[in-house]
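Generate a structure from the sequence data that follows.
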Amino acid sequence: MKYFASFILVALGIAAYGQQSDTTRGSIPSQAELLLGKIGVRIQYYAPAVRGRVIWGGLVTYDQVWVTGAHRATTLEVNTSVEIGGKELKPGKYALFTIPGKDQWTVILNKNWDQHLADEYSEAEDVVRFTVSPQVSNHRERLKYSLEKINEMEVKATIHWEKISVNFPIKLLSAKAKYKLPKSKGPGLTSATPAHEHGMSHAFSQSLPMNRNGSGTGWLPDNTPMYAWMKQGEKWNSMLHGEIFIRQNWQNINNQDAGENQFDVPGWVMGMTQRKMGRNGLLLLRAMISIDPVTVGGDGYPLLFQTGETYKGEPLVNRQHPHDFFSELAVGYTQRFSDDVDFTVYFGYPGEPALGPTAFMHRISSLNNPNAPLGHHWQDATHIVFGVATAGLRYKNFKLEGSSFTGREPDEHRFNFDKAKFDSYSYRLSYAPSKSIVIQASKGFIKSPEELEPDEDVDRTTASVIFSGKPLNEKTFTAAAVFGYNDSGPGHKESSLLVEANYQVKKVNLLGRYEWVEKSDEELQIIIPNEEIFPIHSLTGGITYQLGSWLKTDTAIGVQGTFNFIPTSLEPIYGNTPFSLQAFIRIVPRMMVM
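Take a look at the predicted model:
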């Protein structure tokens, strides 16, 4: 436990870097709509807030195309012919962009309305461009569009945010509607309904943003970028996300006698859907599958110094086990008592108990790294257990949870459902001091996790801090520090520490991960006289480059290398400073938040 203090120092350093005062939720789905008989004009958008930031010339860059909202292109829809900016527009739906300037704005209507921010914008698809003069107005914290009837054939549209507003006229060229304006199914809302009542919220709280969703019932920072496909309906809101690596893996290439190579395709996909139950109830259904059993194999993939689980009755050493095909089938229900207080129950078969941080594959700081951490079985290995029940109480940005679950790790039969025993328990306290930081500490008492050592129980202690900076100007920085400690009795007390980060600049991602983990001679399946615990240090660096985006999916190529620093007593087995290399193609849904 002496290394726990080192972890706390790292965690406090990240927390101090990311601490900021921010009590306003993120951008919310909003709508302005005006009906003149059967004629309809509608603007749908996501409304960001000022939150103490410099908007004009800061967050919104002058003289650049702006989505004039957040998350997705703002849309304007009319069901009759209109004149805007001196040009006739046919009935239909258009993307609305602007180019803000100090003295004048350019308003743009573009025929490609289904766009992600301005990264897909093409001037060749513009149908209208005109200029307007900005006006100084009273302060408005959140971006707002409004539509005002001037007369039976003219409407005024206004954009108002911070202390600036602009407006332009929309002239109706016909009093006959070409079609009935469709009912909103996306972010648009009726003017009488608060935006957050229909927008997708957190999976376990109507009062929290969906960006805080982690694995199981865990939290991520509110600033966390989201890589997902989302569909919003009248009752059910659904999301699908996942990740696939097509990879060539070379382990210990500088000591070939101890090395191993493999081509494989690890990956996973998760779907979730939620709906309100009455005014304050929230129901969640979630499923996750891993393609590892098919595309990686029963004994997993080579990963130097990785240990845990079994294959054909033998412990896996220097290999990462595949995850079960059914990695989560879960249901959750949350009852809100106020904006500050709600209570959650969660059942999974399989599922994830309240123990450890958000699992590595769901942390954005791990997004570009295809490897599981070497400290996985010290930190977040319980992210798949066959039988878990969790209850949690949230007060503002604190959450206290307790779980009962099956301690035995999944067996080597990756397509079946193991027996639920509910013989273990855990508790966890999570705290989000700002939109950039989530801190958790947890304790678990795990009954007989290893099949080959059925009489050995594990007491696991974890603590972590996860950081996500606000995406700005196509740059994002995410990081995590995770500490894990396993106590299996005398002679079996080992610690682990992980620090990882991911920095994205437009199409380029830089990743880094440092690990220190204590592995026993039993874990490594070796016998060296007078030595039982071996400290392993691992340092990974890599880079990925986004090739393109098709069907709302990003494809990138990447390469990463790992140096392992080991005790001299292990060098006769593994060689001197083992080095591993990987090259891969990564496929992931497009980022929803920039």
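
Against Asn255, how distant is Met272?
44 Å (CB to CB, to the nearest Å). Bear in mind the C-beta positions are built from the backbone N, C-alpha and C, glycine included.

what about those two, which has more around it?
Ranked by neighbour count (other CB atoms under 10 Å), Met272 and Asn255 place Met272 first, with 22 against 17.

pLDDT averaged over the helix or strand hosting the more buried one - what is it?
Counting by DSSP states H and E, the secondary-structure element that holds Met272 is strand 267-277. Mean per-residue pLDDT for strand 267-277: 95.

Report the buried residues of that strand.
Going by neighbour count (16 or more other CB atoms under 10 Å), the buried part of strand 267-277 is Gly267, Trp268, Val269, Met270, Gly271, Met272, Thr273, Gln274, Lys276.

Pull the residues that contact it.
For strand 267-277, contacts defined as CB atoms under 8 Å, 6 or more residues apart in numbering pick out 197, 200-201, 203, 206, 235-245, 282-292, 295, 323, 327-328, 333, 361, 587.

Gln560 - nearest residue in space that isn't next to it in sequence?
Gly542 (2.7 Å; CB to CB, 6 or more residues apart in numbering).

contacting residues for Trp219?
Applying CB under 8 Å, 6+ apart, the residues near Trp219 are Arg212, Thr358, Lys399, Ser430, Ala432, Val438, Gln440.

average pLDDT across the helix or strand harbouring the fifth one?
Which is Ala432. Using DSSP H and E, Ala432 falls within strand 424-434. The average pLDDT for strand 424-434 rounds to 97.

Helix or strand next in line after that strand, which one?
Heading C-terminal from strand 424-434 (DSSP H and E), you reach strand 437-446.

and that next one, what does it pack onto?
On a contact count with 3 or more CB pairs under 8 Å, 6 or more residues apart in numbering; DSSP states H and E, strand 437-446 meets helix 4-18, strand 424-434, strand 458-468.

Could you check the angle it makes with strand 458-468?
170 degrees (axes from the mean of the first three to the mean of the last three CA atoms, to 10 degrees).

got the buried residues for strand 437-446?
Across strand 437-446, burial judged by 16+ other CB under 10 Å covers Ile437, Val438, Ile439, Gln440, Ala441, Ser442, Lys443, Gly444, Phe445, Ile446.

would you list the residues you listed in TSV and tack on pLDDT and distance to Ala381?
Below are the buried residues of strand 437-446 laid out as TSV (pLDDT from 0 to 100; distance: CB to CB, whole Å):
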residue	pLDDT	distance to Ala381
Ile437	96	24
Val438	98	20
Ile439	98	21
Gln440	98	16
Ala441	98	17
Ser442	98	13
Lys443	98	15
Gly444	97	10
Phe445	98	14
Ile446	97	9
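
before we move on, back to that, check which residues of the host helix or strand of the residue nearest to Gln560 are buried.
Taking DSSP H and E as the definition, Gly542 sits inside strand 533-550. Across strand 533-550, burial judged by 16+ other CB under 10 Å covers Phe534, Ile536, His537, Ser538, Thr540, Gly542, Thr544, Gln546, Ser549.

In CSV, list the residues you listed along with distance to Thr224 and pLDDT.
Shown next, in CSV, are the buried residues of strand 533-550 (distance: CB to CB, whole Å; pLDDT from 0 to 100):
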residue, distance to Thr224, pLDDT
Phe534, 35, 94
Ile536, 29, 97
His537, 28, 98
Ser538, 25, 98
Thr540, 21, 98
Gly542, 20, 97
Thr544, 18, 97
Gln546, 19, 94
Ser549, 20, 85
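
closest to Leu34 among these?
Among these, Ser549 lies closest to Leu34 (CB to CB), at 34.6 Å.

Looks like that closest one contacts Val588 (just checking).
No: using CB atoms under 8 Å, Ser549 makes no contact with Val588, being 10.2 Å away.

how about low-confidence regions in the stretch 51-200 of the chain?
184-199 (pLDDT under 70).

if you set the cut-off to 80 instead, what comes out?
Applying pLDDT under 80 to the stretch 51-200 of the chain flags residues 114, 116-120, 182-200.

quick one, strands of it?
Per DSSP state E, counting those that start in this stretch, the stretch 51-200 of the chain carries strands over the ranges 74-78, 82-84, 87-89, 92-99, 105-110, 126-132, 135-151, 154-172.

and what of the stretch 451-594 of the chain?
So, for the stretch 451-594 of the chain - with DSSP E, counting those that start in this stretch - the strands run 458-468, 475-487, 493-505, 508-520, 533-550, 553-565, 579-589.

okay if I get the ones you listed as TSV plus distance to Glu409?
Supplementary listing: these in TSV, determined by distance: least, CB to CB, whole Å:
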stretch	distance to Glu409
strand 458-468	10
strand 475-487	13
strand 493-505	17
strand 508-520	17
strand 533-550	21
strand 553-565	25
strand 579-589	25
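
Identify whichever of those strands lies nearest to Asn112.
strand 533-550 (14.0 Å).

ok so, going back, need the least confident one among the helices and strands packed on strand 437-446, by mean pLDDT.
helix 4-18 (a mean of 43).

how many neighbours does the closest residue to Ile246 other than its chain neighbours have?
With sequence-adjacent residues excluded and distances taken as CB to CB, 6+ apart, Ile246 is closest to Ile585, at 4.3 Å. Neighbour count for Ile585, taken as other CB under 10 Å: 16.

what's the answer for Asp264, then?
20.

Phe563: how many residues sit nearby?
Phe563: 14 neighbours (other CB under 10 Å).

tell me the contacts of it?
Ser538, Leu539, Thr540, Thr577, Pro578, Phe579.

got JSON lines for these, with distance to Thr106 too?
Supplementary listing: those in JSON lines, determined by distance: CB to CB, whole Å:
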{"residue": "Ser538", "distance to Thr106": "52"}
{"residue": "Leu539", "distance to Thr106": "49"}
{"residue": "Thr540", "distance to Thr106": "46"}
{"residue": "Thr577", "distance to Thr106": "57"}
{"residue": "Pro578", "distance to Thr106": "57"}
{"residue": "Phe579", "distance to Thr106": "53"}
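
out of those residues, what pair is the most spread apart?
Thr540 and Thr577 (13.7 Å).

Quick check: Gln440 touching Ala480?
No: contact between Gln440 and Ala480 fails when scored by CB under 8 Å: they sit 10.9 Å apart.

anything in contact with each of these two?
With CB under 8 Å, 6+ apart as the test, Gln440 and Ala480 both reach Pro357, Ser464.

How much space separates the closest residue to Leu316 other than its chain neighbours from His377?
Nearest non-adjacent residue to Leu316, counting by CB to CB, 6+ apart: Glu309, 5.5 Å away. To His377, Glu309 is 8 Å away according to CB to CB.
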